[in-house]
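J.: quick check, what structure comes out for this input:
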Amino acid sequence: MSEIKQLTAMILKFRDERDWKQFHNPKDLAIGLALEAAEVLEHFHWKSKEEMEEYVKTHKEEIGEELSDVLYYVLNLSDDLGIDIVDAFKKKMVKNELKYPVAKAKGRHEKYDKL
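T.: Numbering: from 1, shown residues only. Model prediction:
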């Protein structure tokens with residue numbers, strides 16, 4: 001069993017033991033995902049580059065917990081929607097490689113349609 005499938009099984013077991021599936025519709029899972037992503041952002045809000053570098057050194061565990069919450073929602077939502085997230089990720093990376101060829105995108109931050 002892949003690690004993604006193992007993590008998903010852990011999430012489903014956690015959810016099902018608490019009878020929370022009844023609350024987990026796609027809309028609410030997507031909202032939860034956005035809220036957890038915002039909690040990741042809170043760690044960096046209003047900090048300079050130097051402040052962020054120092055903050056990350058002393059708050060890795062807390063940031064990791066927020067990233068884990070994001071992953072929880074991604075895996076839960078993808079499972080509920082029947083999306084093979086590993087396959088979807090690989091396909092998206094192929095598209096990204098086409099949209100952002102190294103020759104045009106290397107060292108640049110513009111969106112693909114501005115390269």
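J.: host element of the nearest residue to Leu115 once chain neighbours are set aside?
T.: Distances taken as C-beta to C-beta, 6 or more residues apart in numbering place Lys104 nearest to Leu115, at 4.3 Å, with adjacent residues excluded. Just so you know, the C-beta spots here come from the backbone N, C-alpha and C atoms, and that holds for glycine as well. Mapping Lys104 onto the secondary structure by DSSP states H and E places it in helix 102-105.
J.: how much space between Arg69 and Glu97?
T.: Actually, residue 69 is Asp. It isn't Arg. 29 Å (C-beta to C-beta, to the nearest Å).
J.: higher neighbour count, the two?
T.: Asp69 (17 against 11; other C-beta atoms under 10 Å).
J.: for the helix or strand hosting the more buried one, packing partners?
T.: Secondary structure from DSSP H and E places Asp69 in helix 60-80. Here helix 60-80 touches helix 3-17, helix 26-42, helix 85-99, going by 3 or more C-beta pairs under 8 Å, 6 or more residues apart in numbering; DSSP states H and E.
J.: now do the first one: distance to the chain's middle.
T.: If I follow you right, that is helix 3-17. 16 Å (C-alpha atoms, centre = their mean, to the nearest Å).
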